[in-house]
Structure formats: C-alpha cells, structure tokens
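*Asks:* build me a model:
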Amino acid sequence: MLGALSMVRGKLVIACMAACLCMTASAQDGSYYKWTDANGTVHFSATPPPGHKAEALRMDGQAAAQAAPAPPLPPAQPTDALEKAQDAYRERSCEAARSDLQLLQQDRMVVSGDSPDAATKLDAEQRNQAKLRAKQRVSQFCKAGDKP
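*Replies:* All right, here's what the predicted structure looks like:
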C-alpha cells in the first residue's frame, strides 16, 4: 500500500516538473532586445526601446540581426486645460511682478526676509538689483502690449 502511494506521488512530481519545464521554455521563447543608454547602462527588454538602436537577441544564445529603433513618439499637444492653467500662471506672475516693481519705485523703505525678526532694509544697490529683477519678470510674464 505504501509503495503504491509513493509511486503515484513520484509520478505526480515528475509530471509537475515536466509541465514547469515546458512552461519555462515557452516563456523564454522569442526575441529580446539589448541596448545601451546615454549613461552607458546596458538594458534588456522584450520590446525595442523608442528612439534607440537595439540588438535583437534569441534566448537560445544566438544573436539575431540589428533591430530597427522604434519610431519616436509624437510630441505631446497641449490641452485646453493646460493652456488655461499656463495663461492663469502668467497673469498672476505678471501682476506680482508689476506690484513688486511699483513698490520698489516708490520712495518708501523696503525690507527683505521671510520673518519680521530676520527682515533687513534694502540699501540703494539692493533696491536697484530688485528693480532690475522685477522689470525682467514683467517682460517675461506680461504681454508685449501691456505697460510695465
């Protein structure tokens, strides 16, 4: 009785091992690609990389011919929501730059610093540098027809 059970168990183990080997062989069948990126790192994948030349490899150890690079992806087109967000950002940045420039052009004391305890008064050179940066931001974010 014990011998028959052991024999059935042995056949079952052998059948499972054979099935696993067949599945492993079929999973490894096919082409894989090898390429080197700009940093010199070698990569392997089941699909060729977009925009890179890759060497097609077979799992049996024989290298296939050079694979053509995948076509480059088309440039992303900005969506309406993205354009609206960018316009809103430019408008807020323009308003802030104009406000800063207007404040710096007045003959009032200006301080810099994140907290009142660490704030320091701007001297004439620092004020001129801040005005220059504010004018640059106005020209960067405000439309050409608008006044600074």
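
*Asks:* does residue 98 touch residue 142 like I think?
*Replies:* Yes. Using Cβ atoms under 8 Å, residue 98 makes contact with residue 142 at a distance of 7.0 Å. (C-beta placed from N, C-alpha, C; glycine too.)

*Asks:* neighbours around residue 138, how many?
*Replies:* 20 (other Cβ atoms under 10 Å).

*Asks:* now for it: which residues touch it?
*Replies:* 94, 97, 98, 101, 148 (Cβ atoms under 8 Å, 6 or more residues apart in numbering).

*Asks:* taking those residues one by one, which sit in helices?
*Replies:* Among the contacts of residue 138, the members found in helices (DSSP state H) are 94, 97, 98, 101.

*Asks:* among the residues you listed, who's most crowded?
*Replies:* Of all the ones in helices among the contacts of residue 138, residue 97 has the most neighbours under the rule other Cβ under 10 Å, reaching 21 neighbours.

*Asks:* my guess is it contacts residue 137, does it?
*Replies:* Yes. Between residue 97 and residue 137 there is a contact under Cβ under 8 Å: 3.6 Å.

*Asks:* give me the below-cutoff pLDDT ranges for this protein.
*Replies:* Where the chain drops to pLDDT under 70, the residues are 1-8, 10, 12-13, 15-30, 59-68, 145-148.

*Asks:* the helices in it, which residues?
*Replies:* Using DSSP H, helices in the chain cover 2-28, 80-105, 124-141.

*Asks:* count the residues that sit near residue 56.
*Replies:* Count around residue 56 with other Cβ under 10 Å applied: 15.
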